[in-house]
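K.L.:
Provide a 3D model corresponding to the input given below.
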Amino acid sequence: MKTILILDDMMMCHEKLGLYLRAKYKILDAYDTKTAHELIKQQKPDLIISDVELSENGDREGLSFIEKVSKEFPGTPILCMSMRNYRNASEIAGADKFIFKKELFNNISKYIEEYLER
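P.N.:
Numbering: from 1, shown residues only. Down below sits the predicted model:
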């Protein structure tokens with residue numbers, strides 16, 4: 001079974017993505033970058049889905065995390081998500097794809113299969 005790590009500080013996002021994904025994939029949930037990094041080192045997920053804004057004040061901590069992880073674990077696909085447009089910034093940071101959260105929720109299988117069902 002393939003493994004997906006979800007990094008988002010909002011429980012609702014984990015619940016919504018998990019609803020679609022848990023039947024077919026092993027899901028690792030992380031609500032902060034420290035936990036996410038540890039899970040990546042230990043579990044070696046097949047795909048990382050990361051939010052950009054990881055705090056209530058709109059801090060773009062997710063971009064720094066994506067940059068670090070893309071260098072440390074090359075070859076692990078990273079889908080970056082946000083409610084706002086961080087397409088250019090996420091690609092510069094090393095994400096394989098940027099997706100608006102609403103679009104991701106509406107077409108989750110399309111995006112997951114693009115990276116896991118090759």
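K.L.:
Spit out the contact partners of the most centrally placed residue in the chain.
P.N.:
Nearest to the geometric centre of the chain sits residue 49, at 1.2 Å (CA atoms, centre = their mean). Going by CB atoms under 8 Å, 6 or more residues apart in numbering, residue 49 touches 4, 5, 6, 7, 8, 17, 78, 79, 81, 104. Just so you know, the C-beta spots here come from the backbone N, C-alpha and C atoms, and that holds for glycine as well.
K.L.:
quick one: which of the residues you listed has the most company?
P.N.:
residue 7 (30 neighbours; other CB atoms under 10 Å).
K.L.:
isn't that one right up against residue 65?
P.N.:
Yes: using CB atoms under 8 Å, residue 7 makes contact with residue 65 at a distance of 7.1 Å.
K.L.:
what touches both of those two?
P.N.:
33, 36, 50, 54.
K.L.:
quick one: contacts for the third one?
P.N.:
For residue 50, the set of contacting residues under the criterion of CB under 8 Å, 6+ apart consists of 6-8, 36, 62, 65-66, 69, 78-81, 95.
K.L.:
is it in a bridge, and if so with what?
P.N.:
residue 7, residue 80 (DSSP bridges).
K.L.:
Next, find the distance separating it from residue 109.
P.N.:
According to CB to CB, to the nearest Å, residue 50 stands 19 Å off from residue 109.
K.L.:
give me the low-pLDDT residue ranges for this protein?
P.N.:
Under the criterion pLDDT under 70, the flagged ranges of the chain are 56-58, 118.
K.L.:
give me phi/psi at the residue nearest to residue 33 when sequence neighbours are not counted?
P.N.:
Sequence neighbours aside, residue 65 is the residue nearest to residue 33 in space, at 4.4 Å (criterion: CB to CB, 6 or more residues apart in numbering). When read as degrees, to the nearest 10, the backbone of residue 65 gives phi -60, psi -50.
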